[in-house]
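In: Task: produce atomic coordinates for the following.
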Amino acid sequence: MDHTSISTIIFDLGGVLIDWNPRYLYRKIFKTEQAIDFFLEHICPYHWNEEQDAGRSWQEGIEERVRLFPQYTAEIQAYHSRWPEMLGNEISENVDLLRRAAKNPSLQTLALTNWSAETFPIAQERFSFLSLFDGIVVSGVEKVKKPDPKIFEIMIERFALNPKACLFIDDNLHNIQTANNLGFKTVHFTQGTSLHHNLPTTLNTNS
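Out: So this is what the prediction gives:
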C-alpha cells in the first residue's frame, strides 16, 4: 500500500474505537449464555438493530418486536431503555492512534459509523475522543448505512474527498469491500490486529 499520498483517515467506531456488545446488558437479564444466544439470534437479531442504524425510530423497532414476541416485552424494551449498558470501554490502542493522527497537521480525521441517531449522542457524551474528529457521518442521521455505497458517497461529497487519498478502517469485511470498490485504501481491523503495526509512523505520529 502506498501511504505517501494519504491525506485523510476514516475510522469506523463500533468494533474499532468503541467496544459495543449487547451481551454486556443481557448477561444481567438472562441466566445463561444459551438464553442470550436465543434472544439475540431470534428475538432481537443484529439485522433488526441495523434498521435503527438505518434511521428507523427505536419506538417503531421496539413496538415491532413486542408485537411479534409479547412474552419478551420487558427484555425487548431493555434493548433501548438500557442501551447504555451495552457500551464497553474505548479500544485504547486504536484511540491512541486517533489522538496521534488528529495532532498531525497534514491529516484529516473522519468517522463513518453505522449508529442510531437517537443513541449516538450517548456515545458522544461518554467518549470525549469523538470530539477529535474533523467530521462524523452517522448512518441513522443520513438514513442509509454501510455497506451501501450511498453513505460513502455522502462522505465523499461532504468533505470533498479523493478516495485514493483516503485510508478507511473498519471491522466489517462488507464495508471494506465497498470502500475498495470506490477506490479507498483500506485496513480490515480484526480481533488481534494492531493498527499501529499496520500503519506507518508517518500516519500515526505527530509530524
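
In: For Lys31, grab phi and psi.
Out: Backbone torsions of Lys31, given as degrees, to the nearest 10, read phi -90, psi -20.

In: That one: neighbour count?
Out: Counted with other Cβ atoms under 10 Å, the neighbours of Lys31 add up to 8. Where C-beta positions appear, they are placed from N, C-alpha and C, glycine not excepted.

In: One more: the one 4 residues further on?
Out: Each residue near Ala35 was counted by other Cβ under 10 Å, and the total is 14.

In: how close does it sit to Arg82?
Out: Remark: distance between Ala35 and Arg82 (Cβ to Cβ, to the nearest Å) = 17 Å.

In: now swap in Lys28 and tell me
Out: Where Arg82 is concerned, Lys28 sits at a distance of 8 Å (Cβ to Cβ).

In: Pro70 too?
Out: For Pro70, the distance to Arg82 - Cβ to Cβ - is 19 Å.

In: Tell me which of the two has more neighbours.
Out: Using other Cβ under 10 Å as the criterion, Pro70 and Arg82 rank with Arg82 on top: 16 against 9.

In: quick one: what helix or strand has the residue lying closest to that one once chain neighbours are set aside in it?
Out: The shortest distance from Arg82 to any non-neighbouring residue, by Cβ to Cβ, 6 or more residues apart in numbering, is to Leu25 (5.5 Å). If you go by DSSP states H and E, Leu25 is part of helix 23-26.
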